[in-house]
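Peer 1: quick one, structure for this:
(one chain, ligands or ions: 1)
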Amino acid sequence: MAGVVLLSGGLDSTVALALYLEKNSLDLALTFDYGQRASRNELAAAQSIAEFYDIRHQIVSIPFLQEQTHSALVNRSKALPRVEGHELDDLQGQALESARQVWVPNRNGLFLNIAAVFAENMGEGSVLITGFNNEEAATFPDNSQEFMDAMNRCFTFSTQNNVIVVSPTSIYSKKEIVREGLRLHVPFEHIWSCYESGDRVCGQCESCQRLKRGLVYNDAHGLIRELF
Ligand SMILES: [Zn+2]
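Peer 2: Alright, predicted model coming up:
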C-alpha cells in the first residue's frame, strides 16, 4: 500500500506528512508548481522536508493553472490581502475576502486528481495524504471533510486500485496543527508558509498570521523569533 503526500512545503502538509508517518510509510512527495508567487521558496521547502524524511520528491508543473488564475496568490501585479490577527476568525468579513483574493480555480480538486494518477500506478489501496485544516475549511470549501468525502467517492469511479485520500490534519485548527508539529519535532525551520517569496517570510499575510497565532498559542516564542 503506497503513500503519496501532497507536499506544498507549508505547515499543514508537513504536519500531515509527519502524522501519517507515525503509523505508516510514504513513498512519494508531490509538489505542484503553478506559478504561485511563493513557488521558488515553496519548492525549496518541500525539497528540504522530503530530504529530511527521506521521501522521494517530484515537482509537477502546471503552467496552464497560472494562466487561468487571476488572483493575488499568482498575479504579482496585485497586492496580497492583509489580515490582522483579530480578523482571522471573521469568517464573513476580512477572512472571507482574503480567501476570495487568493483563490485558485479548482486547485485542490486538480491537485488530488493529478496525484491520484501517480497513486493508481503504485498499486492496490494507495493513499493520498493531504494537509487540510478545519480553520480554513470555512473560507476554503476545498479544505473541508465534505470535499474529501466527495473526492473519495469520485475516485471509486475514476481510478482503479481503490485510491483514497486522507488528511490527518483535517480535524485540527492551525493551533492544534502547530501543537502536533511540535510534538512530532517537524523541521519548522524548513517550512515555507508565506504567500510571498522574499528572503524571509512577510509576517503579514493571512498564512503567516495563522502560523504565528498557532505558535503563540503553543508558547513557541523561540520559534517565532527564529521564523519571523
Ligand atoms: Zn507571509
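
Peer 1: for the ion, what are the nearby residues on the chain?
Peer 2: Neighbours of the ion within the chain, by Cβ under 5 Å from the ion: 194, 201-202, 205, 208. The way it works is simple: take the backbone N, C-alpha and C, and place the C-beta from them, glycine included.

Peer 1: and if we set it to 8 Å?
Peer 2: Residues of the chain lying close to the ion by Cβ under 8 Å from the ion are 80, 193-196, 201-209.

Peer 1: quick one: which of these is nearest to residue 121?
Peer 2: Within the residues of the chain next to the ion, proximity to residue 121 (Cβ to Cβ) peaks at residue 193, which comes in at 30.4 Å.

Peer 1: quickly find the element holding that closest one.
Peer 2: For residue 193, there is no host helix or strand (DSSP states H and E).

Peer 1: doesn't residue 207 make contact with it?
Peer 2: Yes. Residue 193 lies in contact with residue 207 (Cβ atoms under 8 Å); the separation is 5.0 Å.

Peer 1: mutual contacts of the two, please.
Peer 2: Counting by Cβ atoms under 8 Å, 6 or more residues apart in numbering, the common neighbours of residue 193 and residue 207 are residue 10.

Peer 1: all strands for the chain, in order.
Peer 2: Remark: strands assigned in the chain by DSSP state E are 3-6, 28-33, 57-61, 127-129, 164-166.

Peer 1: confidence-wise, which helix or strand of this structure is lowest on average?
Peer 2: Within the chain, no helix or strand scores below helix 94-101, which has a mean of 70 by mean pLDDT, DSSP states H and E.

Peer 1: with only the CA atoms kept, save that helix in CSV.
Peer 2: Coordinates of each C-alpha in helix 94-101 appear next as CSV, following Å, rounded to 0.1, in the frame of the first residue of the first chain:
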residue,chain,number,x,y,z
GLN,A,94,-12.0,40.0,6.1
ALA,A,95,-11.0,36.3,6.2
LEU,A,96,-13.6,35.5,3.6
GLU,A,97,-12.5,38.5,1.5
SER,A,98,-8.8,37.4,1.8
ALA,A,99,-9.7,33.8,0.7
ARG,A,100,-11.5,35.3,-2.3
GLN,A,101,-8.5,37.3,-3.3
